[in-house]
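[1] predicted model follows, preceded by the sequence.
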Amino acid sequence: MNESVESLRQSDAMAVERVLAGDRDAYRTLVERHSRNVHRLAYRLTGNSHDTEDVVQEAFLRAYQKLGQFEARSNFGTWVYRIAANYAIDRMRQRQKEDTRRELPDTHGQDGSEQDPVALVRDPAPSPERLMQSTQLRRQMQRALQELSDAERTAFVMRHWEGCGIEDIAAVLKSNPSATKNTVFRAVQKLRRALEPFLDARAQTKVMGSEV
Amino acid sequence: MKHPTEEQLMAYREGETQHREEISAHLKECGECRNELERIEAVLKALEEFPVPDPGENYERQVWQRLAPKLPEKRARWWQMWLEPRRLATAGALLAVVVAAFIAGRFSKPGGPAPVAATQEQVRERILVVAVGEHLGKSEMVLVELSNAEAQDGKQKRVNIGAEQRRAGDLLEENRLYRQTALQQGDTGLASVLDELERVLVDVAHSPENVTPAQLESIQKRIESAESCSRCAWSARNCNKGRTK
């Protein structure tokens, strides 16, 4: 194992011990060290900043409350990840119940600027045509990701974006490794079906552009 | 081999070992499957570009500031308090006192004839010191064994201290008796040492049977560092006693 990763884990383990001995401020080290990663995971799972912040806060709060039950103290990062993913799934389900009529940001302009990640990315010197296609592709990605089931989305995000192990994902999904692999496969398959036409169109434009 | 399925190609891309060599050989031969794999790759690569907004430079601090007021004060469980550094220093100091007292007790054992001029009070005190010396000796052994306990192998997550706990429980009763006697004799110094020891014994007797190796290691280090200081404290007590008698 990488030495710096190992020393971080040991430092995490010491911080956990200190928190358990009553030193609440020791938790700050853990929060500051892992909050950015938890933020990224939460955003990828929920797709919007408001729910992301809620997931980040709740994940660290729950981790603090359950710290006494945490056995593998050298891997706090993976543990808080699981808690965040679990809560994000609950949150997404709750959202769906609360607002079944919610539309995608690209069809209705409300909240679009905050929720649409397209606006957050700069494409270096894009041509108008490329910009349009790139915008379409990203919107299509968002749509495709939202159309996945909660389990598929979680499995895909954790596996392909966050590089989590199948065992960790299975624990979050309360499933077994074999079924989890299947879920990851289904997710990629669905994303492929949804995105390939756009990728083909982009590739076509590139080819045509290079021929001019 | 036949053309691999989409699932097999994705598993191949993920590094799965099943049918790996066959698929690899097939891909060298089959342009159609190479193309299929490239298309899967292209989708995943495109998805990697899906943006996550940068939460800002001070994000970590902001998360903590929002979170901190919501965190309840975590009252350390009482047995964790005992494992907490300051308490460990006390336990370490006590252990050293126990060692010194034990030695003192042994030296005071009636071996030769008692001095003729010894008063009844001095005899009673000597008997108490001998008995307490024995008691402290036994306590010392429990604490030393506890501080020498270690995981049987590196992978063991908890160390069982059940045997030490049971003995600490037995010593508790004795300790209460000696503490009361010391008070009756007016030896507040000894009573105070026994009082502190009683707290440690209570804590040990009621701690969980299994503690982590890290917690044990921590105890051992604290005991070691506190030992020399408390030896001095015990000597000072004896010197003061000598001067007042």
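    Nice, I can see it. Residues are numbered from 1 along each chain as shown, chains lettered A, B, ... in the order given.
[2] in terms of pLDDT, where does B:Leu9 sit?
    For B:Leu9, the model assigns a pLDDT of 90.
[3] ok, it to chain A distance?
    Distance, B:Leu9 to chain A, using CB to the nearest CB, to the nearest Å: 10 Å. No exception for glycine: its C-beta is placed from N, CA and C like everyone else's.
[4] where does that residue fall, secondary structure wise?
    helix B:6-13 (DSSP states H and E).
[5] identify all contacting residues around the next helix or strand after that helix.
    Counting by DSSP H and E, the element after helix B:6-13 in chain order, helix or strand, is helix B:20-29. With CB atoms under 8 Å, 6 or more residues apart in numbering or on different chains as the test, helix B:20-29 has contacts from B:1, B:3-4, B:8-9, B:12, B:33-34, B:37.
[6] quick one: which of the residues you listed is nearest B:Pro51?
    The shortest approach to B:Pro51 among those belongs to B:Leu37, at 26.1 Å (CB to CB).
[7] quick check, the closest one in contact with B:Glu14.
    No: under the criterion of CB atoms under 8 Å, B:Leu37 makes no contact with B:Glu14, lying 11.8 Å away.
[8] mind checking which of the two has more residues around it?
    Counting neighbours by other CB atoms under 10 Å in any protein chain shown for B:Leu37 and for B:Glu14 shows that B:Leu37 has the greater number, 18 against 14.
[9] I'd like the next helix or strand past the host helix or strand of that one.
    Following DSSP H and E, one finds B:Leu37 within helix B:31-48. On the C-terminal side of helix B:31-48, the closest following helix or strand by DSSP H and E is helix B:59-67.
[10] from B:Leu136, how far off is B:Glu49?
    Taking CB to CB, to the nearest Å as the criterion, B:Glu49 is separated from B:Leu136 by 72 Å.
[11] of those two, which one has the most company?
    Set side by side, B:Glu49 and B:Leu136 show more neighbours around B:Leu136, with 28 against 12, by other CB under 10 Å.
[12] got the phi and psi for that one?
    Per-residue torsions, B:Leu136: phi -70, psi -30 (degrees, to the nearest 10).
[13] pLDDT value on it, please?
    Confidence at B:Leu136, expressed as pLDDT, is 76.
[14] low pLDDT regions in chain B?
    Counting by pLDDT under 70, chain B shows low-confidence ranges at B:74-126, B:129, B:144-158, B:207-208, B:212-245.
[15] in it, which spans are strands?
    B:159-160, B:210-211 (DSSP state E).
[16] between the ones you listed, which one is closest to B:Arg199.
    Distances from B:Arg199 to each of the strands of chain B were compared using CB to CB; the shortest belongs to strand B:210-211, at 17.8 Å.
[17] say whether chain A is contacted by the closest one.
    No: looking at strand B:210-211 against chain A by CB under 8 Å from any CB of the partner chain, there are no contacts, and the closest approach is 11.6 Å.
[18] who does that strand pair up with?
    Here strand B:210-211 has these sheet partners by DSSP bridges: strand B:159-160 (antiparallel).
[19] helices of chain A, residue ranges please.
    A:3-20, A:26-46, A:49-65, A:76-98, A:112-115, A:128-147, A:150-156, A:166-173, A:177-211 (DSSP state H).
[20] counting contacts, what elements does the first one pack onto?
    If you count contacts as 3 or more CB pairs under 8 Å, 6 or more residues apart in numbering or on different chains; DSSP states H and E, helix A:3-20 packs onto helix A:26-46, helix A:76-98, helix B:213-244.
[21] got it, and the fourth one?
    Using 3+ CB pairs under 8 Å, 6+ apart as the contact definition, the elements that helix A:76-98 packs against are helix A:3-20, helix A:26-46, helix A:49-65, helix A:150-156, helix A:166-173.
[22] next, the angle from that helix to helix A:3-20.
    Angle, helix A:76-98 to helix A:3-20, by axes from the mean of the first three to the mean of the last three CA atoms, to 10 degrees: 70 degrees.
[23] now do the buried residues in helix A:76-98.
    Going by neighbour count (16 or more other CB atoms under 10 Å in any protein chain shown), the buried part of helix A:76-98 is A:76-89, A:91-92.
[24] with respect to pLDDT, which of the residues you listed ranks lowest?
    A:Met92 (82).
[25] neighbours around residue 195, how many?
    Reading this off chain A. Taking other CB under 10 Å as the neighbour definition, A:Leu195 ends up with a count of 21.
[26] oops, chain B please
    B:Asp195 is surrounded by 15 other residues when neighbours are defined as other CB under 10 Å.
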